[in-house]
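Trainee: with the input below, show me the fold.
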Amino acid sequence: MKKKLRIGILFGGRSGEHEVSLLSAASILKAIDRKKYDVVPIGITKQGHWLGFEASQSLLAGEPQPAEILELSASTDLVQHTGSLTQTLDVVFPVLHGTFGEDGTIQGLFELADIAYVGSGVLGSATGMDKATMKQLFAAAGLPQTPHVAVLRNEWKADPRRCTHLIEKNLTYPVFVKPANLGSSVGISKVHDRSELAAAMDLAASFDRKLVIEQGVGGPGAKARELEVAVLGNDAPEASVVGEIVPGAEFYDYNAKYHSDASVPIIPAKLSKAEEKQIRAMAIAAFRACDCAGLARVDFLMEPARKGSKARIYLNEINTMPGFTSISMYPKLWKATGLSYKALIDRLIALAQERHREKQHTRFNMLEPASR
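Mentor: I've put the predicted structure just below:
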């Protein structure tokens, strides 16, 4: 019989999206094909402690346990110090959203250990996480975006008046204030006028040293449509059908995403063939601009058509490890495109192996023979 692949499902972590990660991991662990894979759940606490098998299960169940520390060695072994078993993983699926997991840090650890892992590499993860850098790459690729301003936390604290002037000089209200390095709409505020700006900036600054302020899209009676595309692949990525989220709140914030049933997903979105083609092409272009791999969800804003002009489509952001529950938009978009949740997991594991094999063709010193 063909040897089962040993897959490590890594979840939790120090991010503000810790709870979202637990939901994603629980869904994957429930759906993954146990006939194909030996599955090793690996939890990380909010304090950054890596957990062994039993403690990881308790973390998923919401039961706090003493940390059982694991060590990732250069020989690609995850050594479980609480027992005598040394487990070699074929692939790690880091279901970590946000900082310390989606930002290139954990990917660097896997690169040092020379172990295959699902998702983008160090560069793709880092650029996909930092909204300010991401937007610079989108601009270099000629992709349309809304106007925006980047401000450092220290700049805001030192001279809020100057920062306010900079924002109001380049943008008009309403604006969205965001931490540059976070996801799931954590720390994001919609600011309608100057009276709301300081509180929004302080909130975003509590989550990151870099803040991004974006121009709102639409206007009175012309709310922007929020569209999403799932991308899958490595060097030849594919785009799913386009989906739309109709938020139950003023915008698709954290509560609307995870604690409210009021938001309505529409898959596929009601678009013309030309609009759908344009959005899917832009999604793949964004994926390539950030040097992504494996998976990503690309988000768009669509300004409604006005008299004498067509609807405008703006690229908003890319998410390199989007929410991955069975009811999250990324899997739902692929299901609507013809790829089931279980098959999607299989495909991502295969893509991780493919990328790791491709890496073996790279020479890291002059004395190594060229790979064939």
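
Trainee: is it correct that Leu197 is in contact with Thr164?
Mentor: Yes: with contact defined as Cβ atoms under 8 Å, Leu197 counts as touching Thr164 (6.2 Å). Using the backbone N, CA and C atoms, a C-beta is placed for each residue, glycine as well.

Trainee: among those two, which residue is more densely surrounded?
Mentor: Between Leu197 and Thr164, counted using other Cβ atoms under 10 Å, Leu197 has the larger neighbour count: 21 against 16.

Trainee: roughly how far does the more buried one sit from Ser189?
Mentor: 9 Å (Cβ to Cβ, to the nearest Å).

Trainee: what's the overlap in contacts for those two?
Mentor: Val177 (Cβ atoms under 8 Å, 6 or more residues apart in numbering).

Trainee: domains for the chain, by residue range?
Mentor: 5-117, 147-216, 222-337+346-358 (automatic domain parsing).

Trainee: so, low pLDDT: which residues of the protein?
Mentor: In the predicted model, the chain carries pLDDT under 70 at residues 1, 64-87, 183-184, 219-222, 248-262, 308, 368-372.

Trainee: what about the strands in the stretch 201-350 of the chain?
Mentor: 210-215, 218-219, 222-223, 225-233, 238-246, 264-266, 294-303, 312-319 (DSSP state E, counting those that start in this stretch).

Trainee: can I get those strands in TSV including distance to Ala61?
Mentor: Output for those, formatted as TSV (distance: least, Cβ to Cβ, whole Å):
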stretch	distance to Ala61
strand 210-215	36
strand 218-219	42
strand 222-223	40
strand 225-233	29
strand 238-246	30
strand 264-266	28
strand 294-303	27
strand 312-319	27
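
Trainee: tabulate those in TSV, adding columns for mean neighbour count and distance to Leu59.
Mentor: Converted to TSV, the strands of the stretch 201-350 of the chain look like this (neighbours: other Cβ atoms under 10 Å; distance: least, Cβ to Cβ, whole Å):
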stretch	mean neighbour count	distance to Leu59
strand 210-215	22	30
strand 218-219	14	41
strand 222-223	14	39
strand 225-233	24	28
strand 238-246	21	29
strand 264-266	13	29
strand 294-303	24	24
strand 312-319	22	23
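
Trainee: among these, which is nearest Val175?
Mentor: strand 210-215 (5.3 Å; Cβ to Cβ).

Trainee: what helices or strands is that closest one leaning on?
Mentor: Here strand 210-215 touches helix 131-140, strand 148-152, helix 153-158, strand 175-179, helix 197-205, going by 3 or more Cβ pairs under 8 Å, 6 or more residues apart in numbering; DSSP states H and E.

Trainee: distance between it and the chain's centre?
Mentor: In this view, strand 210-215 has its centroid 18 Å away from the chain centroid, taken as Cα atoms, centre = their mean, to the nearest Å.

Trainee: that one vs helix 131-140, what angle?
Mentor: 50 degrees (axes from the mean of the first three to the mean of the last three Cα atoms, to 10 degrees).

Trainee: so what touches strand 210-215?
Mentor: Outside strand 210-215, the residues that touch it by Cβ under 8 Å, 6+ apart are 130-132, 135, 146-153, 156, 167, 171-172, 175-181, 201, 204-205.

Trainee: of these, just the buried ones, ChimeraX syntax please.
Mentor: Per 16 or more other Cβ atoms under 10 Å, the buried members of these correspond to this ChimeraX selection:
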select :130,131,132,135,146,148,149,150,151,152,153,156,167,171,175,176,177,178,179,180,181,201,204,205
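
Trainee: that older thread, between the strands of the stretch 201-350 of the chain, which one is closest to Thr88.
Mentor: strand 294-303 (21.4 Å).

Trainee: pull the distance from the closest one to the chain's centre.
Mentor: On Cα atoms, centre = their mean, the centre of strand 294-303 falls 10 Å from that of its chain.

Trainee: packing partners of that strand?
Mentor: Using 3+ Cβ pairs under 8 Å, 6+ apart, strand 294-303 is in contact with strand 225-233, helix 273-289, strand 312-319, helix 329-337, helix 341-359.

Trainee: now the ones you listed as CSV including distance to Val40?
Mentor: Compiled in CSV, the helices and strands packed on strand 294-303 are given as follows (distance: least, Cβ to Cβ, whole Å):
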stretch, distance to Val40
strand 225-233, 24
helix 273-289, 29
strand 312-319, 25
helix 329-337, 22
helix 341-359, 13
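
Trainee: ranking these by burial, who's on top?
Mentor: Among the helices and strands packed on strand 294-303, strand 225-233 has the highest mean neighbour count (mean count of other Cβ atoms under 10 Å), at a mean of 24.

Trainee: mind putting the domains of the chain into TSV with distance to Leu367?
Mentor: Formatted as TSV, those follow (distance: least, Cβ to Cβ, whole Å):
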stretch	distance to Leu367
domain 5-117	18
domain 147-216	39
domain 222-337+346-358	22
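
Trainee: out of those domains, which comes closest to Gly124?
Mentor: domain 222-337+346-358 (4.2 Å).

Trainee: restricting to C-alpha, output stretch 159-177 in CSV.
Mentor: Taking C-alpha atoms only, stretch 159-177 is exported to CSV below (Å, rounded to 0.1, in the frame of the first residue of the first chain):
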residue,chain,number,x,y,z
ASP,A,159,2.1,64.9,15.6
PRO,A,160,-1.6,63.9,15.2
ARG,A,161,-2.4,67.3,13.7
ARG,A,162,0.1,66.9,10.9
CYS,A,163,-1.1,63.3,10.2
THR,A,164,-4.7,64.5,10.1
HIS,A,165,-3.8,67.3,7.6
LEU,A,166,-2.0,64.7,5.4
ILE,A,167,-5.0,62.4,5.4
GLU,A,168,-7.5,65.2,4.7
LYS,A,169,-5.3,66.6,2.0
ASN,A,170,-5.2,63.3,0.1
LEU,A,171,-8.5,61.7,0.9
THR,A,172,-12.1,62.7,1.6
TYR,A,173,-14.4,61.2,4.2
PRO,A,174,-15.5,58.6,4.7
VAL,A,175,-12.2,56.8,5.0
PHE,A,176,-11.2,53.4,6.4
VAL,A,177,-8.4,53.2,9.0
